[in-house]
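**Q** model the structure of this input:
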Amino acid sequence: MTIYLPFEILAAIFEKVDNVRDIWHLRTANRAFCAAATPIAFRNLSVITTKRSAQNLGRLFDVPDIADHVRQVTFHDTDPDRRGIAIFPEGLRWQLVKSDITSAVRKLASSFSRVHQLPRLETINLTFYPRYGNRRHTNQQDRSSLTLQSSILRALSSSFNVRVPNLTTLSLHNLRILDLSPLESPPFQTVLTTLRHFELSPICDPPGQFAVDDSWAHFWGTLCSRMLAPMQHSLTELTLHNDADVNALSGVSFAALCFPSLCVLSLKMLVFEPSEGAQNFILRHATTLVRLELLKCKLPTDPIIFFIPYPSLFLSLRVDTWECIWDCFAAKLTALLSLRVDESHDEWGSEFRYGLQDISILANRDPYAFARREMADAAALRRLHMTVAARSDEVHGAEGCT
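**A** Model prediction:
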């Protein structure tokens, strides 16, 4: 006698299967398994920069029973791992895919131009290759990388023009800052209004160095704000990461931005200059911000802060130190339950929290001044961590009692 498990139990079992390929195999066993496994097997679609992968994605759009279940589409360029780190050097990467890349770009653009056929789509994650710069004219690798990004973004904008999806999550990693006009198009701007989670990680050209040019200034000074503004009523999680210091010269400004529901904020390589308004931006979300990440962020300042004997004098001189900022956060970020601070390091491995123009003045005037400032900043950061940890323990303890 054959005993059949209820559909709900089958679906619950399949939810626990980690490898999606195993679920694909289960679909072939019988009709019941197929019905239970299909929504799980095709919930997340992943595609890479190969012709075959792009073709397979397009074929899935033609199967209504599959398209109806797709919630997430993820694109990874051929070689980056899941963190967006390059696995192969650029030259080797190009040799591996050069015979396939042109056709793959066309197929990828064709597939992404049809995402409006996915009625339940909620998430789009795009991770482009992390090693190429923003140059249009130097070599075939750079042109290919820019063409790939531009083709996918234009295809998405075209699809959004047919039907605007109800996206809740959008991730754009290793974004080159040239030819981003699709992000400014009305269909794309409409999609941004429903986002709850947004991640943006542009790459500098060349990586790790900062040079202000028209495209860089337009990206941070105009496009970034233009993208963030439509999300202000819905966004709960925001990630802005960069691979080079972003300071006031870039034109970035948080002054006009406020997200009433923002719970999670992650900033990387941002220089906390007064004109940017980053510190005040964080404080504007003091009652909602639950998790804060500051990764390799710096504070521009005058060397005078290393010679002021009393912290109370900082306010009268209108200069900031990390000590003042950490103590301010400890007092005012009353909802914060999780804090991660990853500070920059110099070539000797010590923390380098300030963007000083000429650090040699410290050694000439007082060789111990920098060490004293580091100790005071580190102590304030420890106090902030202790405050957050105590609040987290209190909240989690109260939840355990209910």
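**Q** what does the helix or strand hosting residue 73 contact?
**A** Residue 73 is part of strand 72-76 when elements are defined by DSSP states H and E. Strand 72-76 is touched from outside by 43-48, 57, 82, 108, 112, 115, 118, 121-127, 152, 169, with contacts defined as C-beta atoms under 8 Å, 6 or more residues apart in numbering. Using the backbone N, CA and C atoms, a C-beta is placed for each residue, glycine as well.
**Q** emit the ChimeraX select command for whichever of those residues are buried.
**A** One line in ChimeraX is enough to select the buried ones among the contacts of strand 72-76; burial here means 16 or more other C-beta atoms under 10 Å:
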select :43,45,47,48,57,108,112,115,118,121,122,123,124,125,126,127,152,169
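**Q** low pLDDT regions in this protein?
**A** Along the chain, the parts satisfying pLDDT under 70 run over 1-40, 78-101, 131-145, 205-212, 301-319, 344-352, 355-369, 399-402.
**Q** break it down into its structural domains.
**A** 1-40, 41-401 (automatic domain parsing).
**Q** need the contact list for the residue lying closest to residue 262 once chain neighbours are set aside.
**A** Here the nearest residue to residue 262 in space, its sequence neighbours aside, is residue 285; by C-beta to C-beta, 6 or more residues apart in numbering that works out to 4.8 Å. Taking C-beta under 8 Å, 6+ apart, we find residue 285 in contact with 258, 259, 262, 265.
**Q** so which of the contacts of strand 72-76 are in strands?
**A** The strands, defined by DSSP state E, take in 44, 45, 46, 47, 48, 123, 124, 125, 126, 127, 169 from these.
**Q** quick one, strands of the stretch 301-402 of the chain?
**A** With DSSP state E, counting those that start in this stretch as the criterion, the stretch 301-402 of the chain has strands at 338-342.
**Q** in the helix or strand harbouring residue 279, what counts as buried?
**A** Applying DSSP H and E as the criterion places residue 279 in helix 278-284. Applying a neighbour-count criterion of 16+ other C-beta under 10 Å, one finds 278, 279, 281, 282, 284 buried in helix 278-284.
**Q** filter the contacts of residue 285 down to the buried ones.
**A** 259, 262, 265.
**Q** I'd say residue 109 and residue 150 touch.
**A** No - the pair residue 109 / residue 150 is not scored as a contact, 9.2 Å apart, by C-beta atoms under 8 Å.
**Q** adjacent strands (with direction) for the strand holding residue 73?
**A** strand 44-48 (parallel), strand 123-127 (parallel) (DSSP bridges).
**Q** burial check on the spatially closest residue to residue 126 that is not a sequence neighbour, number of neighbours?
**A** Using C-beta to C-beta, 6+ apart and skipping residues adjacent in sequence, the residue nearest residue 126 is residue 75, 4.9 Å away. Other residues lying near residue 75 total 24 when counted by other C-beta atoms under 10 Å.
**Q** how much space between residue 75 and residue 246?
**A** Distance, residue 75 to residue 246, by C-beta to C-beta, to the nearest Å: 25 Å.
**Q** could you save the buried ones among the contacts of residue 285 as TSV and add columns showing distance to residue 354 and secondary structure?
**A** Formatted as TSV, the buried ones among the contacts of residue 285 follow (distance: C-beta to C-beta, whole Å; DSSP: H, G, I helix; E, B strand; the rest coil):
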residue	distance to residue 354	secondary structure
259	28	coil
262	27	coil
265	22	strand
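**Q** would TSV of the residues you listed with distance to residue 253 be doable?
**A** Output for the buried ones among the contacts of residue 285, formatted as TSV (distance: C-beta to C-beta, whole Å):
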residue	distance to residue 253
259	15
262	17
265	16
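**Q** return the member of these nearest to residue 338.
**A** Of all these, residue 338 sits closest to residue 265, with 10.9 Å by C-beta to C-beta.
**Q** in three-state terms, label residue 238 for me.
**A** Following DSSP: H, G, I helix; E, B strand; the rest coil, the label given to residue 238 is strand.
**Q** isn't it up against residue 198?
**A** Yes - the pair residue 238 / residue 198 is scored as a contact, 5.7 Å apart, by C-beta under 8 Å.
**Q** overlap in contacts, these two.
**A** Common contact partners of residue 238 and residue 198 (C-beta under 8 Å, 6+ apart): residue 228.
**Q** what about residue 227, how many residues nearby?
**A** Per other C-beta under 10 Å, the neighbour tally for residue 227 reads 21.
**Q** do the same with the one 5 residues further on
**A** The tally of other residues near residue 232 (other C-beta under 10 Å) stands at 16.
**Q** so it makes contact with residue 262?
**A** No - the pair residue 232 / residue 262 is not scored as a contact, 9.2 Å apart, by C-beta under 8 Å.
**Q** before we move on, back to that, can you put the strands paired with strand 72-76 in JSON lines and add distance to residue 228?
**A** What follows is the strands paired with strand 72-76, written out as JSON lines (distance: least, C-beta to C-beta, whole Å):
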{"stretch": "strand 44-48", "distance to residue 228": "26"}
{"stretch": "strand 123-127", "distance to residue 228": "17"}
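**Q** now do the contacts for the closest residue to residue 54 other than its chain neighbours.
**A** Nearest residue to residue 54, sequence neighbours excluded (C-beta to C-beta, 6+ apart): residue 107, at 3.4 Å. Counting by C-beta under 8 Å, 6+ apart, residue 107 touches 51, 54, 55, 58.
**Q** ranking those by neighbours, who comes first?
**A** residue 54 (24 neighbours).
**Q** hmm, that one is touching residue 114, no?
**A** No - contact between residue 54 and residue 114 fails when scored by C-beta under 8 Å: they sit 11.5 Å apart.
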